[in-house]
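**Student:** have a look at this prediction, sequence included:
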Amino acid sequence: MPTYEHEVPLHMIRQRPHLAVEILRGACGLEIPDHDEVVVVSENLSTMHPAELVCDNAVLAKRNGTVTYGVVVENQLQSPRRKLFSWPAYVSTYRHRHECDVTLLVLCRDKAAAERSAEPIYLGPPGSVVYPVGVCP
């Protein structure tokens with residue numbers, strides 16, 4: 001994704017939140033879904049009542065005691081539909097906590113479930129995606 005040298009002060013976005021969408025559409029060429037309102041919300045991503053993010057298992061690979069890689073492991077017994085929202089949070093939280101690359105490994109009971117579980121999870125433009133790895137016995 002290219003970067004742009006036009007500096008937009010944050011106070012401008014706070015005063016005119018639609019500028020954020022206009023910049024993404026105009027200067028960056030991103031396709032943003034149609035909408036009828038753009039509002040400023042809290043920039044604090046902490047929550048008073050955080051959702052419980054508990055994966056089925058997680059492992060860290062280390063070299064000489066230093067973390068080099070993480071794996072979030074999920075056991076998928078049914079359709080991953082609802083997991084499409086929690087799995088990216090597992091990956092990003094684990095990455096943030098351990099400051100390493102992370103892969104989401106989904107263990108499934110059959111090939112069809114593994115294929116469904118391995119479909120890319122699109123987070124939004126310009127192409128943020130989580131790619132789970134689905135496997136079966």
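**Tutor:** Perfect, I can see it now.

**Student:** and for Cys100, the neighbour number?
**Tutor:** A count of nearby residues for Cys100, using other Cβ atoms under 10 Å, gives 16. Where you see a C-beta, it was placed from the backbone N, CA and C, and this is true even at glycine.

**Student:** buried sites along stretch 15-28?
**Tutor:** For stretch 15-28, the neighbour count (16 or more other Cβ atoms under 10 Å) marks Leu24 as buried.

**Student:** distance between that stretch and the chain's centre?
**Tutor:** Computed by Cα atoms, centre = their mean, to the nearest Å, the separation of stretch 15-28 from the middle of its chain amounts to 22 Å.

**Student:** repeat that for stretch 10-19.
**Tutor:** Mean C-alpha position of stretch 10-19 versus that of the full chain (Cα atoms, centre = their mean) differs by 25 Å.

**Student:** could you find the closest non-adjacent residue to the residue nearest the centre of the chain?
**Tutor:** Against the mean C-alpha coordinate of the chain, by Cα atoms, centre = their mean, the closest residue is Pro88 at 4.0 Å. Of all residues not flanking Pro88 in the chain, Val130 sits nearest, at 4.6 Å (Cβ to Cβ, 6 or more residues apart in numbering).

**Student:** pLDDT below threshold where in this structure?
**Tutor:** Low-confidence segments of the chain (pLDDT under 70): 1-8, 43-50, 79-80.

**Student:** ranges for the strands of it?
**Tutor:** Counting by DSSP state E, one finds strands in the chain at the ranges 57-63, 66-76, 102-108, 121-124, 128-130, 133-135.

**Student:** and Cys100, what does it touch?
**Tutor:** Applying Cβ atoms under 8 Å, 6 or more residues apart in numbering, we find Cys100 in contact with Leu60, Val67, Thr68, Tyr69, Gly70.

**Student:** can I get those residues in CSV with neighbour count and distance to Ser92?
**Tutor:** Formatted as CSV, the contacts of Cys100 follow (neighbours: other Cβ atoms under 10 Å; distance: Cβ to Cβ, whole Å):
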residue, neighbour count, distance to Ser92
Leu60, 13, 16
Val67, 14, 16
Thr68, 12, 18
Tyr69, 14, 15
Gly70, 20, 11
